[in-house]
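*Asks:* show me how the following folds:
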Amino acid sequence: MLRLVLRFYNFFLSNDKAFARRLRQLIGFTPANMGIFRLAFSHKSSSSEKGYAVQNNERLEYLGDAVLGTIVAEYLFKKYPNSDEGFLTKMRSKIVKRKSLNQIGDKMGLDMLLNEYNQTRLSRSMLGNAVEALVGAVYLEKGYVGTKRFVVNKILRNYVDVHELETVDDNYKSQLLEWCQKNGQTVSYKLLARYKFEKRDRFKVAVMVNGQKVATADDFNKKSAEQMASEKAMQSMGILESEA
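*Replies:* This next block holds a predicted model:
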């Protein structure tokens with residue numbers, strides 16, 4: 001009963017009613033706890049620029065990452081009853097990888113909310129982080145069943161073409177290796193730097209084709225950085241079309 005009263009208050013009477021109404025369009029319901037949803041769009045970089053410690057969306061991002069992975073795994077398990085573990089793992093990876101989440105966040109219009117709650121220049125990765133943090137906030141508000149309904153109905157069905165992903169080969173490192181082998185060229189990877197960013201290790205790697213640096217990329221995961229660099233290399237070599 002209290003939650004119903006809070007949702008009514010948030011939507012019609014609170015100072016946050018404009019935010020509550022935007023959230024309702026985005027997630028399909030009015031939250032009772034507006035604080036965790038404001039937090040979902042508060043990036044750490046903003047608190048750093050202010051010069052003092054305030055809460056940010058990192059913890060919600062951590063929670064949302066775990067919940068989203070579980071929901072997507074269950075969704076795929078039921079959608080493909082005859083598929084093996086390898087196929088399901090690859091499909092889940094295609095959906096929850098950083099690049100996909102960034103695209104989903106962009107399609108959801110999360111950049112507008114991030115701009116409103118952060119006094120810093122937005123990066124592409126902040127969109128994917130916000131998707132995970134939003135899932136974490138919905139989980140705290142609605143529990144697993146309610147979050148699964150939100151993820152499936154509002155995210156997967158609206159912004160993810162699962163059938164198209166079946167035919168997408170996003171292992172760019174493997175594709176580049178295969179192309180080089182066919183064309184009598186060598187490919188290798190070089191770690192250019194390992195540094196701290198937002199208190200986490202970040203890796204900068206280069207793709208070397210015939211000993212020449214073709215492309216570089218940075219990421220928190222070394223293998224992911226190699227994949228990103230491979231994609232860039234294929235684009236610069238004209239093997240793969242660049243995204244519009």
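*Asks:* need the nearest residue in space to residue 195, chain neighbours excluded.
*Replies:* residue 202 (5.7 Å; C-beta to C-beta, 6 or more residues apart in numbering). Yep, even glycine has a C-beta here, placed from its N, CA and C like the rest.
*Asks:* what's the helix or strand for that neighbour?
*Replies:* strand 200-209 (DSSP states H and E).
*Asks:* and the helix or strand just after that strand, which strands flank it?
*Replies:* Beyond strand 200-209 in the direction of the C-terminus, DSSP H and E gives the next helix or strand as strand 212-219. Partner strands and pairing direction for strand 212-219 (DSSP bridges) are strand 200-209 (antiparallel).
*Asks:* and the partner strand, what's buried?
*Replies:* Applying a neighbour-count criterion of 16 or more other C-beta atoms under 10 Å, one finds 202-209 buried in strand 200-209.
*Asks:* averaged pLDDT, it. What do you get?
*Replies:* Computed over strand 200-209, the mean pLDDT rounds to 93.
*Asks:* what about the strand holding residue 202, distance to the chain center?
*Replies:* Relative to its chain's centre, strand 200-209 lies at 20 Å (C-alpha atoms, centre = their mean, to the nearest Å).
*Asks:* by mean pLDDT, which helix or strand of the protein comes out lowest?
*Replies:* Across the helices and strands of the chain, mean pLDDT, DSSP states H and E gives its lowest value to helix 44-50, namely a mean of 57.
*Asks:* quickly list the domain ranges of the chain.
*Replies:* For the chain, automatic domain parsing gives the domain ranges 2-166, 172-236.
*Asks:* against residue 204, how distant is the nearest residue to residue 237 once chain neighbours are set aside?
*Replies:* The shortest distance from residue 237 to any residue other than its chain neighbours is 6.7 Å, reached at residue 214 (C-beta to C-beta, 6+ apart). Distance from residue 214 to residue 204, counting by C-beta to C-beta, to the nearest Å: 14 Å.
*Asks:* quick one: the helices in the protein, in order.
*Replies:* Taking DSSP state H as the test, the helices found in the chain are 2-12, 17-27, 34-40, 44-50, 58-79, 85-96, 98-108, 110-117, 124-150, 157-159, 162-166, 172-182, 222-236.
*Asks:* and the longest one, what's buried?
*Replies:* Just to be clear, that refers to helix 124-150. Of all the residues in helix 124-150, those buried under the rule 16+ other C-beta under 10 Å are 125-142, 147-148, 150.
*Asks:* if I look at the residue in the chain sticking out farthest from the centre, how far off is residue 158?
*Replies:* With C-alpha atoms, centre = their mean as the measure, the chain has its most outlying C-alpha, relative to the mean C-alpha position, at residue 184: 36.5 Å. For residue 184, the distance to residue 158 (C-beta to C-beta) stands at 46 Å.
*Asks:* could you list the buried residues of stretch 105-116?
*Replies:* Neighbour counts using 16+ other C-beta under 10 Å place 105, 108, 110, 113-114 of stretch 105-116 among the buried residues.
*Asks:* now the two most distant members of these.
*Replies:* For those, the maximum inter-member distance is 10.9 Å, found between 108 and 114 (C-beta to C-beta).
*Asks:* ok, residue 188 touching residue 208?
*Replies:* Yes: with contact defined as C-beta atoms under 8 Å, residue 188 reaches residue 208; the gap is 4.7 Å.
*Asks:* where does the prediction get shaky in this protein?
*Replies:* When the per-residue scores of the chain are filtered using pLDDT under 70, the ranges that remain are 45-54, 120, 198, 242-244.
*Asks:* same thing but at 90, please
*Replies:* 1-16, 43-56, 97-99, 113, 115-125, 167-171, 196-201, 219-221, 223-224, 240-244 (pLDDT under 90).
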